[in-house]
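> coordinates for the following, if possible.
(one chain, ligands or ions: 2)
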Amino acid sequence: MDFKVAVVAGDGIGPDIVKQAVKVLDTVGDKFGHQFEYNYTLAGGAAIDAVGEPLPEETLQVCKESDSVLLGAVGGPKWDDLGGNQRPEAALLGLRSALGLYANVRPAVLHDALKDACPLKPELLEEGGLDIVVMRELTGGIYFGERGRNEEGETAFDTLVYSKEEVRRIAVAAFDVAMKRNKKVTSVDKHNILESSRLWRSVVEEVAKDYPEIQLNHMYVDNAAMQLVSRPSQFDVILTTNMFGDILSDEASMITGSIGMLPSASIGSSKLGLYEPVHGSAPDIAGQDKANPLATILSVAMMLRYSFNLQKEADAIEEAVTKVLDGGFRTGDILSNGMKLVGTEEMGDLVAKNL
Ligand code: IPM
Ligand code: MG
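Ligands and ions are numbered 1, 2, ... in the order given. Okay, the predicted model is just below:
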């Protein structure tokens with residue numbers, strides 16, 4: 001089969017890690033007889049530098065005409081003084097919104113080989129390790145509500161709005177994911193304070209009626225933040241809002257040893273998805289062959305699974321990553337005693353070789 005992939009390498013380590021993911025994808029293509037066609041396009045700081053805006057219309061067009069989007073990372077200190085809508089991050093929000101990608105799937109798995117890199121005491125993971133999926137609402141909430149300042153600039157506001165439909169569709173996505181896993185959903189909100197959380201909870205309860213097999217519980221976000229590090233094994237699927245999901249997925253990532261390990265898929269109602277690592281652009285190590293490409297490589301596995309329905313190809317990538325880790329190879333962020341330090345490029349080669 002032929003697939004068109006829009007590639008937005010972005011800023012900082014973006015180009016370093018995307019290169020390795022493309023290498024792995026090409027190897028999958030060779031092994032399994034698929035053709036991937038790449039359309040490289042600009043967004044974020046790279047686009048600001050080239051054409052003066054973070055998300056050029058042409059980029060959006062290229063993405064819309066593709067079967068999926070692979071994204072590295074956007075942002076960096078160089079563009080930090082720009083106003084809200086001019087910043088590199090605006091490209092990411094613009095893409096998510098324009099492509100209708102309301103569901104952000106962020107799996108956090110602690111690989112056996114990385115147990116040493118996990119900062120929690122081993123006994124906290126005894127119940128069953130860490131294997132969770134954060135289902136983060138991605139095109140609504142406080143990220144997309146009205147914001148501004150009063151005329152004197154003395155006050156500022158950001159608005160948190162959710163409609164029933166927005167909650168319903170992410171809840172359905174989360175329950176569907178849970179049906180293929182351990183059938184447990186923890187919906188995270190701030191029901192004791194926020195009206196939008198009260199709407200959220202009632203819609204989630206409503207959706208749950210269609211999934212009698214799913215065990216649903218609700219948790220306040222502050223408690224969830226604590227439970228993630230005190231009893232992480234209790235979670236299967238975490239269903240939550242845009243901002244809470246942003247925060248909790250970073251927290252979950254650390255339990256897996258490094259944020260450098262976490263992939264993500266942003267999907268909507270069509271097959272077109274956007275696949276990117278959860279981590280940022282790490283400008284301090286850009287272009288130095290130090291970044292961990294595994295989160296981006298694992299994001300490509302999610303692309304194969306969710307956008308192209310290529311399950312065995314996706315499994316093959318995940319198994320290759322596990323083999324490389326079992327072989328003792330580590331980038332700096334996940335390095336521990338006795339392991340072999342490798343750079344970005346070599347890590348990509350190793351995964352490709354193990355396919
Ligand atoms: C993420 C990132 C983004 C977000 C930033 C870069 C806009 O932190 O994907 O988690 O907040 O959504
Ligand atoms: Mg984040």
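> okay, now the domains of the chain?
Domain ranges of the chain: 1-111+257-355, 119-255, per automatic domain parsing.
> next one: the first one to chain centre, how far?
Here the centre of mass of C-alpha atoms in domain 1-111+257-355, compared against the chain's by C-alpha atoms, centre = their mean, to the nearest Å, lies 9 Å away.
> can you put the domains of the chain in TSV and add mean pLDDT?
Output for these, formatted as TSV (pLDDT from 0 to 100):
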stretch	mean pLDDT
domain 1-111+257-355	96
domain 119-255	95
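> just say which of the ones you listed is most tucked in.
domain 1-111+257-355 (a mean of 20; mean count of other C-beta atoms under 10 Å). Where you see a C-beta, it was placed from the backbone N, CA and C, and this is true even at glycine.
> that one near ligand 1 at all?
Yes. Domain 1-111+257-355 lies within reach of ligand 1 by C-beta under 6 Å from any ligand atom, at 75, 89, 92, 278, 280.
> end to end, how far does that domain reach?
19 Å (C-alpha to C-alpha, to the nearest Å).
> do stretch 270-287 as well
Length of stretch 270-287, first residue to last, C-alpha to C-alpha: 35 Å.
> distance-wise, check the nearest residue to residue 188 once chain neighbours are set aside relative to ligand 1.
Closest residue to residue 188 apart from its sequence neighbours, by C-beta to C-beta, 6 or more residues apart in numbering: residue 240 at 4.0 Å. According to C-beta to the nearest ligand atom, to the nearest Å, residue 240 stands 13 Å off from ligand 1.
> I'd like the next helix or strand past the strand or helix carrying residue 171.
Element membership for residue 171, per DSSP states H and E: helix 164-179. Going down the chain from helix 164-179, the next helix or strand is strand 184-189, by DSSP H and E.
> got the CA positions of the longest helix along the chain in PDB?
In the chain, taking DSSP state H as the definition, the longest helix is helix 14-32. Taking Å, rounded to 0.1, in the frame of the first residue of the first chain, the C-alpha atoms of helix 14-32 are listed here in PDB:
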ATOM      1  CA  GLY A  14      12.700  18.000  16.000                       C
ATOM      2  CA  PRO A  15      14.800  17.400  12.800                       C
ATOM      3  CA  ASP A  16      17.100  15.000  14.700                       C
ATOM      4  CA  ILE A  17      14.400  12.700  16.000                       C
ATOM      5  CA  VAL A  18      12.100  12.900  12.900                       C
ATOM      6  CA  LYS A  19      15.000  11.700  10.800                       C
ATOM      7  CA  GLN A  20      15.300   8.500  12.800                       C
ATOM      8  CA  ALA A  21      11.500   7.900  12.700                       C
ATOM      9  CA  VAL A  22      11.500   8.200   8.900                       C
ATOM     10  CA  LYS A  23      14.400   5.800   8.800                       C
ATOM     11  CA  VAL A  24      12.400   3.200  10.800                       C
ATOM     12  CA  LEU A  25       9.300   3.800   8.700                       C
ATOM     13  CA  ASP A  26      11.300   3.300   5.500                       C
ATOM     14  CA  THR A  27      12.600   0.000   6.900                       C
ATOM     15  CA  VAL A  28       9.100  -1.100   7.700                       C
ATOM     16  CA  GLY A  29       8.100  -0.200   4.200                       C
ATOM     17  CA  ASP A  30      10.900  -2.400   2.800                       C
ATOM     18  CA  LYS A  31      10.200  -5.300   5.000                       C
ATOM     19  CA  PHE A  32       6.400  -5.300   4.700                       C
END
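> which residues touch the residue in the stretch 201-350 of the chain positioned nearest to ligand 1?
Residue nearest to ligand 1 within the stretch 201-350 of the chain (C-beta to the nearest ligand atom): residue 246, separated by 4.5 Å. If a contact means C-beta atoms under 8 Å, 6 or more residues apart in numbering, then residue 246 has residue 136 as its contacts.
> and it, how far is that from residue 272?
According to C-beta to C-beta, to the nearest Å, residue 246 stands 22 Å off from residue 272.
> again, but for residue 94
Applying C-beta to C-beta to residue 94 and residue 272 gives a distance of 15 Å.
> once you drop chain neighbours, what's closest to the closest residue to ligand 1 within the chain?
Nearest to ligand 1 in the chain, going by C-beta to the nearest ligand atom, is residue 89, at a distance of 4.0 Å. Sequence neighbours aside, residue 75 is the residue nearest to residue 89 in space, at 5.6 Å (criterion: C-beta to C-beta, 6+ apart).
> isn't the one you found right next to residue 279, touching?
No. Residue 75 is beyond contact range of residue 279, at 11.3 Å (criterion: C-beta atoms under 8 Å).
> all the helices of the stretch 51-200 of the chain, in order from the start?
With DSSP state H, counting those that start in this stretch as the criterion, the stretch 51-200 of the chain has helices at 57-64, 89-98, 164-179, 195-208.
> show me what the longest helix of the chain is packed against.
strand 2-10, strand 35-40, strand 68-73, helix 294-306, helix 311-326, helix 344-353 (3 or more C-beta pairs under 8 Å, 6 or more residues apart in numbering; DSSP states H and E).
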